[in-house]
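Novice: Need a 3D model of the sequence below.
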Amino acid sequence: MELEKSRELLAELRGWSIIDEHHLEKEFSFPDFKGALAFVNRAGQVSESEGHHPELVLSWGKVVARIWTHKVDGLTESDFILAAKFDQLEVS
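Specialist: Now for the predicted structure:
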């Protein structure tokens, strides 16, 4: 995906960054481990239903999500769609 298109799509997201023109990354904060774990479980369900499998790093009170398309080893539009779905999980 061209960098200009990636930046346009990034502008539609909240708090995500493009890292090394390769993947999206965002840190989600929670009041405790239980909240972070619940988010990982919801994100995992959404990811599985999309057939898209991000890297989710769980620790006390936070989750770091990294999303890219493994097949192209970089970003595609579906990565931005999954990021937007994760944002929706954060507020639900």
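Novice: So in the chain, which helix runs the longest?
Specialist: helix 33-50 (DSSP state H).
Novice: Flag every buried residue along that one.
Specialist: Neighbour counts over helix 33-50 (16 or more other CB atoms under 10 Å) mark 36, 39-40, 42-43, 47 as buried. No exception for glycine: its C-beta is placed from N, CA and C like everyone else's.
Novice: I'd like to know how far residue 36 sits from residue 72.
Specialist: 29 Å (CB to CB, to the nearest Å).
Novice: What of residue 44?
Specialist: 22 Å.
Novice: Secondary structure element holding the spatially most central residue of the chain?
Specialist: Residue closest to the average C-alpha location in the chain (CA atoms, centre = their mean): residue 83, at 4.1 Å. Taking DSSP states H and E as the criterion, residue 83 maps to helix 77-91.
Novice: Show me the contact partners of that helix.
Specialist: Applying CB atoms under 8 Å, 6 or more residues apart in numbering, the contact partners of helix 77-91 are 1, 6, 9-10, 12-16, 23-24, 26, 28, 39, 42-43, 46-47, 50, 52, 54, 65, 67-69.
Novice: who does residue 64 bridge with?
Specialist: residue 27, residue 57 (DSSP bridges).
Novice: what's the neighbour count on it?
Specialist: 13 (other CB atoms under 10 Å).
Novice: cool, residue 67 as well?
Specialist: Neighbour tally, residue 67, other CB under 10 Å: 24.
Novice: With residue 87 instead?
Specialist: With other CB under 10 Å as criterion, residue 87 counts 17.
Novice: what does residue 54 give?
Specialist: 21.
Novice: Kindly report the same for residue 69.
Specialist: By other CB under 10 Å, neighbour count at residue 69 equals 16.
Novice: Contact partners for it?
Specialist: Contacts of residue 69 by CB under 8 Å, 6+ apart are 52, 75-76, 78-79.
Novice: Residue 36 now?
Specialist: 28, 30, 58-63.
Novice: do the same with residue 40
Specialist: Counted by CB under 8 Å, 6+ apart, residue 40 has contacts 56, 58, 63.
Novice: if I look at the first one, how far off is residue 84?
Specialist: Looking back up the chat, that one is residue 56. Where residue 84 is concerned, residue 56 sits at a distance of 16 Å (CB to CB).
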